[in-house]
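[1] Fold the following and give me the result.
(one chain, ligands or ions: 1)
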Amino acid sequence: MSKIHVFNAGPCLLPQVAIEHAREALLDFKGTGVSLISISHRTKEWEETMNETRALWREILNIPEDYETVFLGGGASLQFLYVAMNYLEKKAAYLDTGVWAHKALKEAQGIGEAYAIACSKDRNYTYIPKGFEIPTDLDYLHITTNNTIYGTEIKHDMDCPVPLIADMSSDILSRRVDVSKYELIYGGAQKNAGPAGVAFAIIRKDSLGKVSRYIPTMLDYRTHLDKESMFNTPPVFSIYVMNETLKWLKSIGGIDAIHEIDEKKAATLYAEIDRNSLFTGTAEKEDRSIMNVCFVMAPGYEDLQDEFFAFAKSKGMIGIKGHRSVGGFRASLYNACTQEDVEALVATMKEFEALKK
Ligand SMILES: Cc1ncc(COP(=O)(O)O)c(C=O)c1O
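    As a prediction, the model looks like this:
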């Protein structure tokens, strides 16, 4: 059996050390003799973990003092609703860059007036719309910085005349972000930050309390800010693994170091996609994501798709099937995926080409 190389889009590969420490903590959390999943979240041992996670998160992402992070259940999908509940008063605009952006918009439209300011559906979301005008009377503009399904990414922190809100589910912790340019950054943890079960929201503290609607207690960010993410029982297991993932990230040099590694991995795979005559990339080159690399069989070779899946599987490649809405292939190169994993995939593509040509 070949070594396994995991390219899952999420939940995805996490650092081995985080998994090993989680295994130990499942049996005995910090020498308490109690399992991590049985420990009370009101113990000092847990509070230490919670505080340490928050501190690491702040340090690694260089989050300014006037922002605070909450860790919540419900995934990024529930954050779509949180955003509208907490920020939509008169009107909001959404950049429609694919399924997730569209779902976020739909949720806002159930709460108030929200519309797509620009959309890349005309070419199946293979690019990021540019040059659109942003009206200054918006409550906020919502963007999805990395479009997990299509492999497109907004790789810079845009200047925005209105409060900017970003879903960074699938590229958080892959590049240095100027948090001060955003009113709110949120996402599910289950790509670069940890396992499924916890979502994060980095909130500019003075941005809340400006809408006139009643916000149900659990959907009000202030509830969770006031109680430091422990208003109700936090997802302890997920937060613990997140803590270990952040420690690992810090130990390898933090954001700048991982960004360099991530860029190199993506460049390696894109170079092969561009070189190999059997494959072609789907996203516009300038908008290519460094996290999710999407490609298909080149014209004339479409019939080889299933054969390549089987071949890649025999070489230990896991999770390279494209999202069901777009087909083809997608290799997700999140932080715990290594250069060696990517090189194994590249070697597989080369070998397949040699067999077929
Ligand atoms: C960019 C983006 N936003 C939102 C989501 C939804 O996340 P969740 O499953 O945590 O609700 C995903 C899931 O893959 C995603 O990639």
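[2] So out of everything in the stretch 1-150 of the chain, what residue is nearest the ligand?
    The minimum distance from the stretch 1-150 of the chain to the ligand, using Cβ to the nearest ligand atom, falls at Gly75 (2.7 Å). The C-beta positions use only the backbone N, C-alpha and C, and glycine is treated the same way.
[3] and the residue of the stretch 201-350 of the chain found nearest the ligand, how many neighbours?
    Of all residues in the stretch 201-350 of the chain, Asn292 sits closest to the ligand, at 8.5 Å by Cβ to the nearest ligand atom. Using other Cβ atoms under 10 Å, Asn292 has 29 other residues around it.
[4] thinking again about what came up before, how about the residue of the stretch 1-150 of the chain closest to the ligand: what's its closest non-neighbour residue?
    Gly188 (4.7 Å; Cβ to Cβ, 6 or more residues apart in numbering).
[5] thought Gln305 was touching Ile320?
    No - the criterion here is Cβ atoms under 8 Å, and Gln305 misses it with Ile320 at 11.1 Å.
[6] Compare the two and say which is more crowded by neighbours.
    Ile320 (23 against 16).
[7] ok, back up a step: okay, the closest residue in space to the residue of the stretch 201-350 of the chain closest to the ligand that isn't next to it in sequence and Pro195: tell me how far apart.
    In space, and not counting its chain neighbours, Asn292 is closest to Gly151: 4.5 Å by Cβ to Cβ, 6+ apart. The span separating Gly151 from Pro195 equals 23 Å under the rule Cβ to Cβ, to the nearest Å.
[8] So between the two, which is more surrounded?
    Gly151 (33 against 22).
[9] ok, that one to Gly98 distance?
    Taken as Cβ to Cβ, the span from Gly151 to Gly98 is 10 Å.
[10] next one: Gly327
    Gly327 sits at a distance of 14 Å from Gly98 (criterion: Cβ to Cβ).
[11] More neighbours: these two, which one.
    For Gly327 versus Gly98, neighbours defined as other Cβ under 10 Å are more numerous around Gly98 (25 against 15).
[12] show me what contacts the more buried one?
    120, 125, 144, 147, 149-150, 152 (Cβ atoms under 8 Å, 6 or more residues apart in numbering).
[13] cool, and Lys264?
    Contacts of Lys264 by Cβ under 8 Å, 6+ apart are Gln339.
[14] just Ile60 next, same as before
    173, 246, 249-250, 254-255.
[15] Now do the same for stretch 272-289: mean pLDDT, whole number.
    In this model, stretch 272-289 has a mean pLDDT of 98.
[16] chain center to it: distance?
    21 Å (Cα atoms, centre = their mean, to the nearest Å).
[17] Offset the numbering so it begins at 37, please.
    That works, and once the first residue is 37, the last one we named lands at stretch 308-325.
[18] Give me the buried positions along it.
    308-309, 312, 314-315, 317-319, 323-325 (16 or more other Cβ atoms under 10 Å).
[19] Mean confidence (pLDDT) on stretch 159-168, please.
    97.
[20] List the buried residues for that stretch?
    In stretch 159-168, the ones that count as buried by 16+ other Cβ under 10 Å are 161-165.
[21] Taking the residues you listed together, which two end up most distant?
    Thr162 and Pro165 (11.3 Å; Cβ to Cβ).
[22] what is in contact with those two at once?
    Here Thr162 and Pro165 have Ser156 as joint contacts, going by Cβ under 8 Å, 6+ apart.
[23] Could you pull out the helices in the stretch 87-236 of the chain for me?
    In the stretch 87-236 of the chain, the segments counted as helices under DSSP state H, counting those that start in this stretch are 111-123, 135-145.
[24] Single out the most deeply packed of those helices.
    helix 111-123 (a mean of 22; mean count of other Cβ atoms under 10 Å).
[25] so what does that one touch, helix or strand wise?
    Applying 3 or more Cβ pairs under 8 Å, 6 or more residues apart in numbering; DSSP states H and E, we find helix 111-123 packed against helix 135-145, strand 176-180, strand 200-203, strand 220-224, strand 235-240.
[26] Pipe those into JSON lines and attach distance to the ligand per row.
    Putting these into JSON lines (distance: least, Cβ to the nearest ligand atom, whole Å) gives the following:
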{"stretch": "helix 135-145", "distance to the ligand": "4"}
{"stretch": "strand 176-180", "distance to the ligand": "5"}
{"stretch": "strand 200-203", "distance to the ligand": "5"}
{"stretch": "strand 220-224", "distance to the ligand": "3"}
{"stretch": "strand 235-240", "distance to the ligand": "6"}
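[27] okay, these in TSV with mean pLDDT next?
    Listed next are the helices and strands packed on helix 111-123 as TSV, based on pLDDT from 0 to 100:
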stretch	mean pLDDT
helix 135-145	98
strand 176-180	98
strand 200-203	98
strand 220-224	98
strand 235-240	98
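[28] What values do phi and psi take at the closest residue in space to Gln52 that isn't next to it in sequence?
    Nearest residue to Gln52, sequence neighbours excluded (Cβ to Cβ, 6+ apart): Ala372, at 7.9 Å. The phi/psi pair for Ala372 (degrees, to the nearest 10) reads phi -80, psi -10.
[29] Many thanks, we can stop here.
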